[in-house]
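> predicted model follows, preceded by the sequence.
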Amino acid sequence: MSWLRRGGLLGVICVVGLLVWSTLVHSTYAIDIVDTLRGDIESNVTAVGTLQPRQYVDVGAQVSGQIRRIFV
């Protein structure tokens, strides 16, 4: 390997090392610590539009005679 390739490889290794070092030294990690509480989770969604079913189903009944009551 020629001295130029060794120098280039050494330069790349140095630059990568400096980048890693500067990232580790200058990085700050903010950690928030809070107490947990029991409570209700509530989520509200407001939307405007038209609902349409994915599939239509025909519902019918075959009855002979007179229907007096339908218990639903």
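Thanks, I have the structure now. Residues are numbered from 1 along each chain as shown.
> average pLDDT across stretch 53-66?
Averaged across stretch 53-66, the pLDDT comes to 78.
> give me the element the spatially most central residue of the chain is part of.
Nearest residue to the geometric centre of the chain (Cα atoms, centre = their mean): S43, 16.8 Å. Following DSSP states H and E, one finds S43 outside all helices and strands.
> what about the strands in this structure?
Counting by DSSP state E, the chain has no strands to list.
> centroid-wise, who is the farthest residue in it?
Most peripheral residue of the chain (Cα atoms, centre = their mean): G65, 57.5 Å.
> and the residue nearest to the centre of the chain, how far is that from A30?
Per Cβ to Cβ, to the nearest Å, S43 is found 27 Å from A30. The way it works is simple: take the backbone N, C-alpha and C, and place the C-beta from them, glycine included.
> tell me the spacing between W21 and Q62.
W21 sits 83 Å away from Q62 when distances are taken as Cβ to Cβ.
> so for these two, which sits in the more crowded spot?
W21 (10 against 4; other Cβ atoms under 10 Å).
> what about the more buried one, distance to V48?
Using Cβ to Cβ, we find W21 at a distance of 55 Å from V48.
> show me what contacts F71?
Listed by Cβ atoms under 8 Å, 6 or more residues apart in numbering, F71 has no contact partners.
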